Each structure stands twice: as C-alpha cells, then as structure tokens.
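Participant: test case, fold it:
(chains A and B)
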Amino acid sequence: MVKKIFFQLIFFNLFFLKEVFAAESGGMPQLNPEFWISQIFWLTLTFGILYIVLSKLILPKISANLELRKSQIQENIEAAEKQRESSEAKLKEYDDIISKSKLEANNIFKEARENVLKEINAKKETLDKQIDEEIKKVEQEINLLRKGASEKINKIAIETTSELLVKLIGTEVNNSSISAIVDDLSKRNGDKYYGN
Amino acid sequence: MAANPMTQFEVYRIGPEIKIGAFDISFTNASLFMVVSSLAILIIFNLGSKRNSFLPNKVQLLAELSYTFVSKMISDTAGSKAKPYFSFIFSLFMFVLFCNMFGMIPYTFTVTSHIIVTFVLAAFIFIGVTIIGFIKHGLGYLKLFVPSGVPIVLLPLIVVIEIISYLSRPISLSVRLFANMMAGHTMMKVFGGFVISLGVVGGWLPLSFSVALTGLEILVAFLQAYVFAILTCIYLNDALNLHH
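Facilitator: So this is what the prediction gives:
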C-alpha cells in the first residue's frame, strides 16, 4: 500500500518534472560533458593523494597498532597463564607439605604413645617384681611369725596351765609333763587354729 | 530551482577557469567535495592512528574497526593473496563511503551521483584487475571465459556470454553506484518539494516519507560503498585465484 502510494507520487512527480524540464535546459546534468575532464582530473588527483597517504603513512600505523595490541594482549594472557600455573604448583606444594606434616604428626604421636606405653609397662613390671618380692618377704616373715607363734602360745599355755594348776591344786606340777600334754593338744588341734 | 530535483546534480565552476591545453580542469563543486571527502578521511584516520593507547579512544576505535572490517571483507572474498591490494580497496571503500555520506548533508554535492566519476573508478578497477589477471596467469587467464563442466555444444555460446559479462563489469559497477545515488537524492528532493507545495495541511505525509527516506538513503550510501568495494574484491578474486 505504502509502496503503491510511493510509486504513484514518483510517477505524478515525473509528469510534473517534464513540464519543468521543458522550460529549462532539460536532461540530466550528469550527461553534460562540460566538466567531465575536470571531474576525471580532480578524481585522479584526490583519490591518488588519498591512496598514497593512506597506504604509505596511515594504514601501516593502524596495522602496527593493532599488531602491537594483539601481541600485548597475547603476552598478558600468557603471563596470566604462567602465574596461574605457578600458583597451582604452589598450592600443590602447600597441600603436599600439609599432608606430609600431618603424617609426621601422626607418626610422632604414635611413637610417643608407644614409648609411653613401653615405659609404663616396664615400670609396671618392676613394680610388680618389687611387689612380688615384698609379698614374698612378708610371707616369709608371716611364716616365721606363725612358726614362732605356735611355740610362744605353747609356752604361754604351759605357763598358764602351771599357774592355774598351782592355784587350783596348790602344788606344782612338773612342767615337762604339762608341755607334753600341750604339745600333744596343739599338734592335734594345730590345724584348727592355724589353718591357712 | 527548488522545483527541479535535478539541479542538485549540476556542476559549476568555483573560482577561475583553469585550462591545460584544450582541457578544462577548473575547480568545481564536485572537486570541492572530492577534496573535502579525502581530507575528512585523512584527518579521521590520521587522528585514529596517532596514539596507540591500550584502551582506544573513539576515533582510534573507529579507525581500527574500519581497518578490521575492510581487511576481513577482503580476506573473506579474495583470500590472503589479495593482501597487497588492501590499501587500494580500503581507500576506495572509504572514498566512496565518504562521498556518499557527504552527499547526505543538505545543500552538499554528491560526487558519486555522477556517472563519469563512478565510471572512471570502475574502469580503473576493471583495467587493473585484467592486468593483474594476465600477469598472474598469463594467457591462462582467458580460461576465465571457459567454465569447466559445460557441454562442448554450448561452449561457443557460454564463452560469448562470459566475455560480454566480463566486459560489462565496469558498466554495471559504475551504473549501480551512480543510479542508486542519483535516484535516492532525486527522490528526497521530490518529497521535499511536495512538503513545500502541499503546505501545512498536506505536507506531513511527504515530510514523514522524507524522514524515512533519509534513513534509507544513509543505509544505501553505506551499502553501495560496501557493494562497490566487495565487487572489486570479487573481481580481484577472479584475477588472483582462477577457479574455472
């Protein structure tokens, strides 16, 4: 629709144009050869100068600028890449150190523990030995005392019996006969009193 | 003057008449805009290449983006062999682009709307490409006119067609640019005239058209410069890498 109007307007205008052209010189000024030589001359001159200046002075500079920027950017990218790599390596190193030190710490802890355990065991053994020895000693003493005790008891028994007899009967009885009886009794009942 | 949309294409002398022999090479408004375009290109790209800061400023960015744009265009269409011709294609693209763009400013003159200018450029490209082709491939360059895989019966016809199409390259190249620029500018002038003649009541429609056309013409100005440069690359590609 718009296109139609558009073309109608042009068409209409061309009619209108023809009348004007009829009045004036008419035709396209482009086809008037009056200034053709001049245009060719100035075109050659200006375009030639433009071409020479652009190709010899300006375009090489722009190209160099672009190349320089490109190489700079490339360099920067490479540098960044290198730095990244080095930082990664350092991170790895750091991780290694940490894991190594962890392992070491573990080892040290284990060793210390073993050492302590060993010491404790050794001390325990010596203590046990000491305790055993002391127990033995004490047992010996007890045995000695036990042995002595029965004799002492017999003696006391004999004395008391003799004294009792003196008080009861009023006469002294021979100690040896009393001791024979006591011994006999104690032997018979010894297990009863000193049974372990 | 306002009524005739073709008056904007008229060439007139600025300053005195200069003659070399029988040739009139006076400085005209066309010459003025050629000089202005070239100077603008040189100033912008000189500023853009002066300092090389790691973070480019606007002008430098513009220069470098154009550089990479054109270099990518050339390497995409003509391959790495076309590198020696980079400066020429860059200058060509920039010259046509700036001439087109300067033409978009009201009351200026569009250099590329003249068939003689575009034809000289196209003819130079045509002759240059042909010479490059013959230097690179010798008489083997004539194989360009004999496509492979064509039945022998059709070959005479195909060769004739190929030769005609090859010879019409400068014409198609120059007429494409010239016609696009002229038609666009004429149309804008016509719509501008309608705005005046229809007045406050009916002038809004052509005015809005004019605004839209301005955007379109700026696009066309860029696109035609691009097409001109890329066709040059394609012709160069034919001359450098013979595919047929």
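
Participant: contacts and neighbour counts: CA atoms only from here.
Facilitator: OK.

Participant: can you show me the strands along chain B?
Facilitator: Along chain B, the segments classed as strands by DSSP state E run B:19-20, B:23-24.

Participant: deepest-packed of the ones you listed, please.
Facilitator: Most buried of the strands of chain B by mean neighbour count (mean count of other C-alpha atoms under 10 Å in any protein chain shown) is strand B:23-24; its value is a mean of 16.

Participant: show me what that one is packed up against.
Facilitator: With contacts taken as 3 or more C-alpha pairs under 8 Å, 6 or more residues apart in numbering or on different chains; DSSP states H and E, strand B:23-24 sits against helix A:36-53.

Participant: centre of the chain versus the helix it packs on, how much separation?
Facilitator: 78 Å (C-alpha atoms, centre = their mean, to the nearest Å).

Participant: next one: phi and psi at the residue of chain B found nearest chain A?
Facilitator: Scanning chain B for proximity to chain A using C-alpha to the nearest C-alpha identifies B:I25 as nearest, at 3.9 Å. In terms of degrees, to the nearest 10, the main-chain angles of B:I25 are phi -120, psi 40.

Participant: between the helix or strand containing A:S63 and helix A:36-53, how big is the angle?
Facilitator: Counting by DSSP states H and E, the element that carries A:S63 is helix A:59-169. Relative orientation of helix A:59-169 and helix A:36-53, computed by axes from the mean of the first three to the mean of the last three C-alpha atoms, to 10 degrees: 30 degrees.

Participant: got a list of what the residue in chain A positioned nearest to chain B touches?
Facilitator: The minimum distance from chain A to chain B, using C-alpha to the nearest C-alpha, falls at A:S38 (3.9 Å). A:S38 is in contact with B:23-28, B:31, counting by C-alpha atoms under 8 Å, 6 or more residues apart in numbering or on different chains.

Participant: those residues, buried ones only, as a ChimeraX selection?
Facilitator: This is how ChimeraX selects the buried members of these, with burial counted by 16 or more other C-alpha atoms under 10 Å in any protein chain shown:
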select /B:24,25,26,27,28,31
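
Participant: got the contact list for B:T28?
Facilitator: Each residue near B:T28 by C-alpha under 8 Å, 6+ apart is listed here: A:38, B:11-15.

Participant: would you map the helices across chain B?
Facilitator: B:29-50, B:58-78, B:86-103, B:115-137, B:155-167, B:169-202, B:204-240 (DSSP state H).

Participant: switch these over to JSON lines; also include distance to chain A.
Facilitator: Below are the helices of chain B laid out as JSON lines (distance: least, C-alpha to the nearest C-alpha, whole Å):
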{"stretch": "helix B:29-50", "distance to chain A": "5"}
{"stretch": "helix B:58-78", "distance to chain A": "7"}
{"stretch": "helix B:86-103", "distance to chain A": "5"}
{"stretch": "helix B:115-137", "distance to chain A": "6"}
{"stretch": "helix B:155-167", "distance to chain A": "21"}
{"stretch": "helix B:169-202", "distance to chain A": "7"}
{"stretch": "helix B:204-240", "distance to chain A": "9"}
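
Participant: can I get these in CSV including mean pLDDT?
Facilitator: Below are those laid out as CSV (pLDDT from 0 to 100):
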stretch, mean pLDDT
helix B:29-50, 93
helix B:58-78, 92
helix B:86-103, 95
helix B:115-137, 94
helix B:155-167, 92
helix B:169-202, 91
helix B:204-240, 93
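
Participant: highest mean neighbour count out of those helices?
Facilitator: Mean neighbour counts for these (mean count of other C-alpha under 10 Å) peak at helix B:86-103, with a mean of 23.

Participant: between helix B:29-50 and it, find me the angle.
Facilitator: Using the same axes, to 10 degrees: helix B:86-103 against helix B:29-50 is 120 degrees.

Participant: contacts for helix B:86-103, please.
Facilitator: A:47, A:50-51, A:54-55, A:59, B:33-34, B:37-38, B:40-41, B:67, B:70-71, B:74, B:108-112, B:181, B:218, B:221-222, B:224-226, B:228-229, B:232-233.

Participant: do that again at 7 Å, thanks
Facilitator: Contact partners of helix B:86-103, identified using C-alpha atoms under 7 Å, 6 or more residues apart in numbering or on different chains, comprise A:50-51, A:54-55, B:34, B:37-38, B:70-71, B:108-112, B:218, B:221-222, B:225-226, B:229.

Participant: quick one, that helix and helix B:204-240 angle?
Facilitator: 170 degrees.

Participant: check the offset of helix B:86-103 from the chain's centre.
Facilitator: 7 Å.

Participant: in terms of pLDDT, where does the residue of chain A closest to chain B sit?
Facilitator: pLDDT for A:S38: 91.

Participant: nearest residue to B:P16 other than its sequence neighbours?
Facilitator: Of all residues not flanking B:P16 in the chain, B:S26 sits nearest, at 6.9 Å (C-alpha to C-alpha, 6 or more residues apart in numbering or on different chains).

Participant: these two touch, right, that neighbour and B:E17?
Facilitator: Yes. Counting by C-alpha atoms under 7 Å, B:E17 is a contact partner of B:S26 at 5.0 Å.

Participant: contact partners for B:M104?
Facilitator: Neighbour list for B:M104: B:I218 [criterion: C-alpha under 7 Å, 6+ apart].
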